[in-house]
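> 3D, please:
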Amino acid sequence: MKGYWAVILIMIVIQISFFWAGVKPACALADSRDCGRLYLLSNGAVAAAIGSAELWLRVRSRYHKQVVTGCGFVLSCLLYFIVEPFADGAQMAWIVPIVVPLVYFDRRLLLITGGMTSVSYAGVYLLLERPVFDKPLLEFLLVEAMIALFIFIANGVIIRAYEASMELEQLTKSEQSLLVERAISDRLLKIDALTELYNHKTFHEYLDSLLEQCEKNGLKLQLGLLDIDNFKQINDTYGHWIGDIVLKEVAARLRETIGLNDFAARYGGEEFAVIFTDKTLEESREMVEKLREAVERMEHPYAGDKPITVSIGLCEYERGDAKEMLFRKTDDALYEAKRTGKNKVVLCTGAYASLSSK
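Residues are numbered from 1 along each chain as shown. This is a model prediction of the structure:
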């Protein structure tokens, strides 16, 4: 709508310039004192049409395209009658309503508006241009051809824009599919398929990054190694598929127990690894003890309802220790838990005192 206001403002400026320069209208009514009033009325009608359309767009939420196009059609008619008495080529004003559907990329609106424009100009020629201005038939045909050509070009632009939009949509969908496939691929590379915990490789990558933070920024970190007690006996007695079920259930309890900033992985076979961050050693000990108790309380009707337990070794990283030293201490604590009766949590402090046992 701002474009319409700009057009009417320009036309008013041009008319005032013509009057100041003494340019007389070529119309038969040019000598009439009512000529000025006629143009004032025409400009007022244009302003009223634009104002009405502006009001509709602000108040109503429907038919915006139709209102803007209709306003353009009325504007083109009135501009034609304003310009025609002063200069040739006023027929170009009939192009205005055809431009609006092109802005909206609406083919149906373009064809309807184009047809109305062509018919309206034919009526103007037969009722005004031919009898009053004595315009030749060839000029009428040229203007109609120009309108038809503009409609044809605008229609081609809309079709091409639609095709480009479809191509862009297909490209976007393809890119989204690639992103999804890449995300799935990354997940498959990082996640253990059976337990849905992180795998051995991802665990070490994450641990290396955290150990750097420990050395640089003093991040607190504890490593826990968890091993299912007598797992080989479970496999030999009930079969490997029962063993897989046990692994899944222990992994589920592990996910439920750890915090958002912690990291759990299937380290290999029946062994799991957990990295605790931003916690004290006592807080981490309480979490692994909670995990041990949760596993012990699980029921296993598929395994003769015999209890399944875990042994856990827990160690806090100390600055200066390499990753290998951290694993060695934690593995020693796990071995101590296994050696001293299983189903317990052992810290790698001093003589590996058991903090919890059944």
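
> Looking at the record's assignment, how would you partition this protein?
With domains defined by automatic domain parsing, the chain comprises 2-168, 200-357.

> To residue 190, which of those lies closest?
Comparison of these against residue 190 by C-beta to C-beta identifies domain 200-357 as nearest, at 4.3 Å. Yep, even glycine has a C-beta here, placed from its N, CA and C like the rest.

> Flag the shaky bits of the stretch 251-358 of the chain, pLDDT-wise.
349-358 (pLDDT under 70).

> For it, just list every one of the helices.
281-297, 323-339 (DSSP state H, counting those that start in this stretch).

> And the residue nearest the centre of the chain, how close does it get to residue 182?
The C-alpha lying nearest the average C-alpha coordinate of the chain belongs to residue 176 (C-alpha atoms, centre = their mean; 10.1 Å). In this view, residue 176 and residue 182 are 11 Å apart by C-beta to C-beta, to the nearest Å.

> where does the stretch 51-200 of the chain have low pLDDT?
For the stretch 51-200 of the chain, the ranges with pLDDT under 70 are 57, 61, 81-89, 180, 183-184, 187.

> Which parts of it are helices?
64-83, 96-104, 107-124, 137-190, 200-217.

> could I get those helices as a markdown table with distance to residue 339?
Shown next, in a markdown table, are the helices of the stretch 51-200 of the chain (distance: least, C-beta to C-beta, whole Å):
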| stretch | distance to residue 339 |
| --- | --- |
| helix 64-83 | 80 |
| helix 96-104 | 80 |
| helix 107-124 | 82 |
| helix 137-190 | 33 |
| helix 200-217 | 25 |
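
> To residue 287, which of the ones you listed lies closest?
Judging the helices of the stretch 51-200 of the chain by C-beta to C-beta, what sits closest to residue 287 is helix 200-217, at 17.0 Å.

> Can you list the strands that the next helix or strand along the chain from the closest one pairs with?
Per DSSP states H and E, the first helix or strand lying C-terminal to helix 200-217 is strand 221-228. Paired neighbours of strand 221-228 in the sheet (DSSP bridges): strand 271-277 (antiparallel), strand 310-316 (antiparallel).

> Could you check how sure the model is about strand 221-228, as an average pLDDT?
Strand 221-228 carries an average pLDDT of 95.

> what helices or strands is the next helix or strand after it leaning on?
Next helix or strand after strand 221-228 toward the C-terminus (DSSP H and E): helix 231-238. Other helices and strands packing on helix 231-238, by 3 or more C-beta pairs under 8 Å, 6 or more residues apart in numbering; DSSP states H and E, are helix 240-257.

> could you give the angle of the helix it packs on to helix 281-297?
With axes from the mean of the first three to the mean of the last three C-alpha atoms, to 10 degrees defining the directions, helix 240-257 sits at 140 degrees from helix 281-297.

> quick revisit: export the strands paired with strand 221-228 as CSV, with columns for mean neighbour count and distance to residue 329.
Shown next, in CSV, are the strands paired with strand 221-228 (neighbours: other C-beta atoms under 10 Å; distance: least, C-beta to C-beta, whole Å):
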stretch, mean neighbour count, distance to residue 329
strand 271-277, 22, 14
strand 310-316, 26, 4
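
> circling back to that earlier point, wait, which of the helices of the stretch 51-200 of the chain is closest to residue 309?
helix 200-217 (23.1 Å).

> Just the residues contacting the closest one, thanks.
Helix 200-217 has contacts (C-beta atoms under 8 Å, 6 or more residues apart in numbering) with 189-191, 198, 219-221, 223, 263, 265-268, 273, 275, 277, 317, 319, 323, 326.

> repeat that with 10 Å
By C-beta atoms under 10 Å, 6 or more residues apart in numbering, the residues outside helix 200-217 that reach it are 186, 189-192, 197-198, 219-221, 223, 263-268, 271-275, 277, 317-323, 326-327.

> Run a quick neighbour tally on residue 248.
If you count neighbours by other C-beta atoms under 10 Å, residue 248 ends up with 14.

> Tell me who's in contact with it.
So residue 248 contacts 194, 195, 196, 197 (C-beta under 10 Å, 6+ apart).

> give me phi/psi at the third one?
Read that as residue 196. phi 60, psi 20 (degrees, to the nearest 10).

> okay but it is in contact with residue 188, surely?
No: using C-beta atoms under 10 Å, residue 196 makes no contact with residue 188, being 11.1 Å away.
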